[in-house]
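> Okay, predicted coordinates and the sequence, questions at the end:
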Amino acid sequence: MCAMTTINELRPRTSAITFRELVRDLDVHQWVNEDKATCAVTGVTVSSSDIDAGWVFVAIPGYSHHGAEFAAGALEAGAAGVITDEKGARILRDSGASVPIAVVDDPRQAAAFVSARVVGNPDQSLTTAAVTGTNGKTTTTYLVSAALGAIHDVPALCGTVETRIGDMTILATRTTNEAPVLHRFLACAQQQGADNAVIEVSSHALSLNRVDGIVFDVAIFTNLQHDHLDFYHDMEHYFQAKASLFTPEHARRGIVCVDDEWGQRLAREATIPITTVAALSSQQADWHVSDIHPDPQTAQTVFSLTDPAGHTHQVHSPVLGEVNVQNCAVAIAAATAVGADPDQAVTALERAPQVPGRMEKINPDCDDQPLVIVDYAHTPEALEWILKDARELAGGRVVLVFGTDGDRDASKRIPLAEVAARHADVLWVTDENPRTEDAAAIRAELMEGIRNVRPDLTNVTEVTTCRRDAVRCAIQDASANDIVLITGKGAEWYQEIDHVYHRYNDVPVAREVLEYSEPRKRG
Ligand SMILES: CC(=O)N[C@H]1[C@@H](OP(=O)(O)OP(=O)(O)OC[C@H]2O[C@@H](n3ccc(=O)[nH]c3=O)[C@H](O)[C@@H]2O)O[C@H](CO)[C@@H](O)[C@@H]1O[C@H](C)C(=O)N[C@@H](C)C(=O)N[C@H](CCC(=O)O)C(=O)O
Ligand SMILES: Nc1ncnc2c1ncn2[C@@H]1O[C@H](COP(=O)(O)OP(=O)(O)OP(=O)(O)O)[C@@H](O)[C@H]1O
């Protein structure tokens with residue numbers, strides 16, 4: 001298992017079932033080659049490039065292609081049968097396929113249910129949690145996993161950064177994988193002895209049936225903000241996608257943060273039992289947070305959390321920053337909802353390992369260097385939150401290394417730069433993933449935003465060489481009581497330039513610069 005590079009490569013042990021048994025509960029309204037439906041099946045996929053002999057290929061009508069166009073490749077690789085819709089069946093019939101073909105109305109949905117069945121519905125023997133929301137999904141996934149340590153020994157999780165089963169980790173490429181891949185992950189988790197699985201669930205996953213066939217023990221909602229409107233067109237459709245997780249088909253109970261109006265609405269409209277959490281607002285809720293403050297001694301955010309029984313717990317957040325109070329509070333409530341004692345959930349959460357690239361302190365115990373933090377903030381709102389948090393903790397200046405992505409929402413560039421100029425003392429402007437855009441032109445837009453707030457560009461440097469240089473200059477220029485924030489890339493392991501993924505990660509770069517920097521006095 002250790003040599004695996006993607007989650008697609010996970011292969012749980014399965015017992016063969018017949019194709020007919022596999023599709024037993026589907027509404028199959030037409031068959032092709034039904035006499036072959038007794039063939040043995042050991043897996044399911046929706047992708048011709050991720051298939052083993054003996055698996056069933058589900059040919060999905062996609063946004064750009066029909067999966068049936070790729071069936072020839074799947075059959076060549078040994079596909080035992082195909083599930084598709086009428087259009088797919090026509091394409092396959094024309095190609096003279098001789099395997100059994102079951103025709104259904106909605107192959108995406110069918111894919112999820114047969115994927116669960118072929119691996120024996122592993123979700124039923126694990127404690128499962130799903131985390132959704134615009135911001136905080138990844139962080140909360142790690143925090144729920146940690147809080148479940150109060151009742152479980154072996155965790156599994158799956159999200160934007162990585163897939164983990166016990167000590168095994170695989171870098172992720174997506175937030176929520178296709179249904180067959182997710183069910184294989186759950187089966188491997190079960191077979192490797194995991195007690196629970198926490199899964200990050202994107203709105204796309206909900207809309208495209210990727211988590212169908214799993215009834216999560218608990219579903220968690222963090223917040224809803226403007227995002228993904230290219231896919232949903234308006235906030236109402238985006239909200240409805242998220243809300244679909246909070247129905248009996250997908251979850252037994254929900255934990256909903258009611259800090260924003262969408263959470264309040266979700267708590268009212270959900271069709272499963274809901275426990276509410278108010279973290280950064282004074283909304284009425286079952287769990288509520290008070291007295292949030294930074295502890296400069298430990299560079300931690302500390303807060304009080306009152307549970308539904310009225311007991312108040314002191315929590316030292318393992319992830320710095322006010323927004324993470326929201327993430328911690330819902331995580332503790334979620335662990336409690338599936339059986340943990342609240343005190344033990346708090347203790348377990350406080351021991352959470354560092355969440356990769358989320359307010360990650362590179363040198364937490366260092367007195368003679370600036371504290372260096374890597375964070376994934378890449379929106380103006382997220383950047384403003386973390387700059388304010390840094391301000392509360394910094395004995396000296398707040399130093400920021402930042403850039404912004406190419407080929408992505410360019411309308412945020414000026415506001416992002418304005419926030420940076422307003423809330424940081426020293427700015428180092430660099431590149432993120434320019435992709436196919438001209439990196440200098442992206443920086444020029446950021447400089448324009450900075451100039452709107454700081455026309456004289458005091459303490460602003462545009463680094464025209466590379467991101468590594470920006471990180472080096474920022475750390476070497478800072479005093480021991482400054483805080484250096486490096487934002488935008490978080491745990492990303494690459495820098496994408498003109499279709500080429502160059503291996504790059506802010507964390508080891510910052511660590512190396514610190515290692516070779518002279519100790520310095522507090523300024
Ligand atoms: C917009 C969107 O989500 N698209 C998804 C959609 O693609 P599609 O309908 O266009 O598929 P298609 O390319 O037309 O192909 C149709 C079928 O042929 C199959 N195929 C295709 C090519 C081939 O060689 N062989 C083959 O079998 C495909 O696997 C697919 O089943 O259905 C495919 C199969 O179900 C998904 O893989 C694909 O996700 C793509 C990869 C994607 O990048 N999605 C992003 C937007 C996404 O889901 N992101 C969220 C995170 C969002 C966030 O930031 O929060 C995520 O969960 O990762
Ligand atoms: N609860 C929250 N509310 C607002 N912002 C948050 C919250 N939690 C984290 N953030 C900010 O958003 C950034 C991304 O956090 P995280 O990766 O946990 O969220 P996500 O929902 O997984 O994001 P993405 O979908 O972009 O991967 C963090 O680095 C932080 O700056």
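Arrived safely. Ligands and ions are numbered 1, 2, ... in the order given.
> In the stretch 351-500 of the chain, what residue spans correspond to strands?
Along the stretch 351-500 of the chain, the stretches classed as strands by DSSP state E, counting those that start in this stretch are 360-361, 371-375, 398-402, 426-429, 460-462, 483-487, 494-497, 500-503.
> can I get those in TSV with mean pLDDT and mean neighbour count?
Bear in mind the C-beta positions are built from the backbone N, C-alpha and C, glycine included. As requested, the strands of the stretch 351-500 of the chain are arranged in TSV below (pLDDT from 0 to 100; neighbours: other CB atoms under 10 Å):
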stretch	mean pLDDT	mean neighbour count
strand 360-361	94	20
strand 371-375	96	26
strand 398-402	98	26
strand 426-429	98	24
strand 460-462	98	17
strand 483-487	98	27
strand 494-497	95	18
strand 500-503	95	10
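> longest single strand anywhere in the protein?
Longest strand in the chain, counting residues (DSSP state E): strand 287-295.
> and the first helix or strand past that one going along the chain, which residues are buried?
As assigned by DSSP states H and E, the chain's next helix or strand after strand 287-295 is strand 300-306. The neighbour-count check on strand 300-306 (16 or more other CB atoms under 10 Å) flags Q300, T301, F303, L305, T306 as buried.
> ok, back up a step: any residues touching the longest strand of the chain, and which ones?
Residues outside strand 287-295 that contact it (CB atoms under 8 Å, 6 or more residues apart in numbering): 275-280, 300-308, 312, 316, 320, 322, 325, 329, 332-333, 389, 392-393.
> That strand and ligand 2 in contact?
No - in terms of CB under 6 Å from any ligand atom, no part of strand 287-295 sits within range of ligand 2; the closest distance is 12.1 Å.
> now that strand: mean pLDDT?
Per-region confidence: strand 287-295 scores 95 on mean pLDDT.
> could you dump it to CSV, C-alpha only?
Only the C-alpha atoms of strand 287-295 are listed here, as CSV (Å, rounded to 0.1, in the frame of the first residue of the first chain):
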residue,chain,number,x,y,z
TRP,A,287,-23.4,24.8,21.7
HIS,A,288,-22.0,28.3,22.0
VAL,A,289,-18.6,29.9,22.2
SER,A,290,-17.5,32.8,24.3
ASP,A,291,-14.3,34.6,25.4
ILE,A,292,-12.1,34.0,22.4
HIS,A,293,-8.7,35.4,23.0
PRO,A,294,-5.1,34.8,21.8
ASP,A,295,-2.6,33.4,24.2
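> sorry, back to before: would you reformat the strands of the stretch 351-500 of the chain as JSON lines and include distance to N177?
Converted to JSON lines, the strands of the stretch 351-500 of the chain look like this (distance: least, CB to CB, whole Å):
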{"stretch": "strand 360-361", "distance to N177": "24"}
{"stretch": "strand 371-375", "distance to N177": "25"}
{"stretch": "strand 398-402", "distance to N177": "30"}
{"stretch": "strand 426-429", "distance to N177": "35"}
{"stretch": "strand 460-462", "distance to N177": "39"}
{"stretch": "strand 483-487", "distance to N177": "27"}
{"stretch": "strand 494-497", "distance to N177": "19"}
{"stretch": "strand 500-503", "distance to N177": "19"}
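> Next, the buried residues of the longest strand of the chain.
Residues W287, H288, V289, I292, P294 are the ones in strand 287-295 that count as buried (16+ other CB under 10 Å).
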